[in-house]
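[1] Sequence isn't available, so here's the structure alone:
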């Protein structure tokens, strides 16, 4: 059985992430989406449980997807879930440089290959960082995120605007 691991901080999960997961389900028997705590990011908007819940609500139409949330090395997660590949989405050429380095390190540490899936141009500009900023100031992010994520963002920032 082929198992893909789709890792990310997913803070928040958006339509670009969803597209990559949906496409991975057509290539693998099972897709494990892992919400990871990223130590390079100072603080998160949503905790791991909130992210896992939003993703689960956003992917009910994908029966071969399993969601986990962890705070460990990616290669350890890959081993734990029996991943045959790590799947990463690419928005632009600028993503490729850092993703390539991570893929090479992960392969050296574990032997697990990384597969890159480029997002559609309609999602290439979406970034969680930008969504947090737009939502924080009352902008409409509904076109860019699944409905459960939109509701969570709305609730998080309700009354936060002056």
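    Yep, it's here. Everything quoted here is computed from the prediction, not taken from an experiment.
[2] Show me which positions of stretch 27-43 end up buried.
    28, 30, 31, 32, 33, 34, 35, 36 (16 or more other C-beta atoms under 10 Å). (C-beta placed from N, C-alpha, C; glycine too.)
[3] in which helix or strand would I find the third one?
    Which is residue 31. Following DSSP states H and E, one finds residue 31 within strand 30-36.
[4] I'd like the next helix or strand past that strand.
    Next element after strand 30-36 (DSSP H and E): helix 48-58.
[5] who does that following helix touch, helix- and strand-wise?
    strand 30-36, strand 65-70, helix 147-157 (3 or more C-beta pairs under 8 Å, 6 or more residues apart in numbering; DSSP states H and E).
[6] Quick one: mean pLDDT for that helix?
    Average pLDDT, helix 48-58: 96.
[7] can you list contacts of it?
    9-13, 18, 33, 35, 37, 44, 46, 67-71, 146-149, 152 (C-beta atoms under 8 Å, 6 or more residues apart in numbering).
[8] Just want the angle from it to strand 30-36.
    Interaxial angle of helix 48-58 relative to strand 30-36 (axes from the mean of the first three to the mean of the last three C-alpha atoms, to 10 degrees): 150 degrees.
[9] coming back round to it: quick one, which of the contacts of helix 48-58 are buried?
    9-13, 18, 33, 35, 44, 46, 67-70, 146, 148-149, 152.
[10] Let's have the buried residues of stretch 27-43 in CSV, adding distance to residue 95 and pLDDT.
    Putting the buried residues of stretch 27-43 into CSV (distance: C-beta to C-beta, whole Å; pLDDT from 0 to 100) gives the following:
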residue, distance to residue 95, pLDDT
28, 21, 98
30, 25, 98
31, 20, 98
32, 21, 98
33, 18, 98
34, 18, 97
35, 19, 95
36, 17, 90
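[11] Distance to residue 131 for the helices and strands packed on helix 48-58 - can I get that in TSV?
    What follows is the helices and strands packed on helix 48-58, written out as TSV (distance: least, C-beta to C-beta, whole Å):
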stretch	distance to residue 131
strand 30-36	16
strand 65-70	19
helix 147-157	7
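[12] Looking at the ones you listed, which is nearest to residue 96?
    When the helices and strands packed on helix 48-58 are compared by C-beta to C-beta, strand 30-36 sits nearest residue 96, at 19.8 Å.
[13] Tell me where the protein is predicted with low confidence.
    Within the chain, the stretches with pLDDT under 70 are 38-42, 159-162.
[14] pull the longest helix from it.
    helix 93-110 (DSSP state H).
[15] Any idea how far it is from the middle of the chain?
    Relative to its parent chain, helix 93-110 has a centroid offset of 16 Å by C-alpha atoms, centre = their mean, to the nearest Å.
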